[in-house]
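Novice: how would this look folded up:
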Amino acid sequence: MTPPPLEMNPQTMVINLDRPGERLDRALAAARPDISRAQWQRLIKEACVTLDGRPVKASQRLEGGESLVVVLPPVVDTELQPEAIPLEILYEDADLLVVNKPAGMVVHPAAGHDHGTLVNAILAHCPDLPGVGGERRPGIVHRLDKDTSGIILVAKHDAALTFLQRQFKQRTVQKTYLALVEGHLTPAEALIDAPLGRDPRQRKQMAVIPPGGSATARPAQTRYLVLDRYDEYTLVACYPLTGRTHQIRVHLAFAGHPIVGDKVYGRRKQPLGLDRHFLHAAEIAFTRPGGQAMHFKVGLPPELQQLLDTLAKSES
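Specialist: Residues are numbered from 1 along each chain as shown. Predicted coordinates:
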């Protein structure tokens, strides 16, 4: 068993490895899971890891019994600025945050959205957020579109980020979305299995791609269950089995029933006057670092619930 690393000072450590035949970067990630393998590779590339005073390569094989000196660069603020934006926090501990994101909030800063994002809000809420490799930033585990409301997970450190993202990759996280779609969706329960890739005509959009039709196409599956029907609309619960960009929106539009309010994959002129699309991340179940099973559920935001109430009244 590898002994724990000896801390020499807050930025320098010695890590003893006894894993003969294993790649160096993989062994380091196993010894210090709070630092991801990709981050170890970056540290190695920047000559922050040495053996007998000499830089090492990520791919080199260990003989066993090596003692490596690691110098972590000081953590500095990124260009991202903390902003005191109110957050609806459903749960928080030393490892993660569970947040109910409102519609209209972008998750990551990007062109045209350099402030007011979830990341800016988290930096203000967690001013002592740690970082590795010289960068302080929150660990967004997964993403929601700007106009999709609901539950999103945020890791507070790299070990938690790696732990949670592994569950998404292994498809053990259970997610439930609520969507209101146009028309009467049939059958009442089904699996939409259609690969997704970049739309060759609209590169900022996604589309169902036939097998072999594009190098960007990836398998995508969404299971749905009809919850309620109205005169011209259907409320469905969606269970994405994969996590492709815009997956639920594209799959429902492909089925002939675009999401109400979705001006990208549905009608440009929306008859119900909703200024966002009706898609809400309502429920999530996962395992937190430490092994405890976690389950969270959040109701529809007022504007979506009011729309359903209006539709129900029009039928009575």
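Novice: Residue 282 in helix, strand or coil?
Specialist: Judged by DSSP: H, G, I helix; E, B strand; the rest coil, the three-state class of residue 282 is strand.
Novice: For the nearest residue to it once chain neighbours are set aside, list each beta-bridge partner.
Specialist: Closest residue to residue 282 in three dimensions, ignoring its sequence neighbours and counting by CB to CB, 6 or more residues apart in numbering: residue 178, at 4.9 Å. For the C-beta atoms, the positions are set from N, CA and C on the backbone; glycine is no exception. Under DSSP bridges, the beta-bridge partners of residue 178 are residue 237, residue 280.
Novice: got a list of what residue 178 touches?
Specialist: 227, 235, 236, 237, 238, 278, 279, 280, 282, 300, 304 (CB atoms under 8 Å, 6 or more residues apart in numbering).
Novice: pretty sure the fifth one is in contact with residue 224, am I right?
Specialist: Yep, that's residue 238 we're talking about. Yes: the pair residue 238 / residue 224 is scored as a contact, 5.0 Å apart, by CB atoms under 8 Å.
Novice: anything in contact with each of the two?
Specialist: In contact with both residue 238 and residue 224: residue 252, using CB under 8 Å, 6+ apart.
Novice: Show the pLDDT at the residue nearest to residue 282.
Specialist: Predicted confidence (pLDDT) for residue 178: 98.
Novice: what's the answer for residue 111, then?
Specialist: As predicted, residue 111 sits at a pLDDT of 66.
Novice: now swap in the one 4 residues further on and tell me
Specialist: Residue 115 is assigned a predicted lDDT (pLDDT) of 86.
Novice: Heading C-terminal from the helix or strand hosting residue 70, find the next helix or strand.
Specialist: Secondary structure assignment for residue 70, by DSSP states H and E: strand 66-71. Per DSSP H and E, the first helix or strand lying C-terminal to strand 66-71 is strand 89-92.
Novice: hmm, who's touching that next one?
Specialist: 97, 98, 99, 100, 125, 151, 294, 296, 298.
Novice: so which two of these are the farthest from each other?
Specialist: 125 and 294 (19.5 Å; CB to CB).
Novice: circling back to that earlier point, any of the contacts of residue 178 buried? List them.
Specialist: 235, 236, 237, 238, 278, 279, 280, 282, 300, 304 (16 or more other CB atoms under 10 Å).
Novice: nearest to residue 25, of the residues you listed?
Specialist: Nearest member of these to residue 25, counting by CB to CB, is residue 238, at 37.9 Å.
Novice: Tell me the spacing between the residue lying closest to that closest one once chain neighbours are set aside and residue 237.
Specialist: Leaving aside its sequence neighbours, residue 238 sits nearest to residue 177 (CB to CB, 6+ apart; 4.4 Å). Computed as CB to CB, to the nearest Å, the residue 177 to residue 237 distance reads 7 Å.
Novice: now residue 83
Specialist: According to CB to CB, residue 83 and residue 237 sit 34 Å apart.
Novice: Please point out which parts of stretch 118-126 sit buried.
Specialist: The neighbour-count check on stretch 118-126 (16+ other CB under 10 Å) flags 118, 119, 120, 121, 122, 123, 125, 126 as buried.
Novice: cool, and stretch 285-293?
Specialist: Buried, per 16+ other CB under 10 Å, within stretch 285-293: 286, 288, 289.
Novice: Stretch 192-204 now?
Specialist: In stretch 192-204, counting by 16+ other CB under 10 Å, buried: 192, 194, 195, 196, 197, 198, 199.
Novice: First residue to last residue on that stretch, what's the distance there?
Specialist: Its first and final residues considered, stretch 192-204 spans 22 Å by CA to CA, to the nearest Å.
Novice: can I get the CA coordinates of stretch 112-127 in CSV?
Specialist: Output of stretch 112-127 as CSV, limited to C-alpha atoms (Å, rounded to 0.1, in the frame of the first residue of the first chain):
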residue,chain,number,x,y,z
GLY,A,112,-21.6,37.4,-24.7
HIS,A,113,-22.0,36.1,-21.2
ASP,A,114,-18.9,37.2,-19.3
HIS,A,115,-20.8,37.9,-16.0
GLY,A,116,-23.9,37.0,-14.1
THR,A,117,-23.2,33.3,-14.6
LEU,A,118,-23.5,30.4,-12.1
VAL,A,119,-19.8,30.3,-11.9
ASN,A,120,-19.6,33.9,-10.9
ALA,A,121,-22.2,33.3,-8.2
ILE,A,122,-20.4,30.2,-6.9
LEU,A,123,-17.1,32.1,-6.6
ALA,A,124,-18.8,34.6,-4.4
HIS,A,125,-20.5,32.0,-2.3
CYS,A,126,-17.3,30.0,-1.8
PRO,A,127,-14.5,32.6,-1.7
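Novice: Helix or strand for residue 253, just tell me which one.
Specialist: Here residue 253 is assigned to helix 247-254, by DSSP H and E.
Novice: Would you mind pulling the contact partners of that helix?
Specialist: With contact meaning CB under 8 Å, 6+ apart, helix 247-254 is reached by 145, 177, 179, 181, 185, 192, 194, 196, 206-208, 220, 222, 224, 236, 238, 240, 244, 258-259, 262, 264-266, 277, 279.
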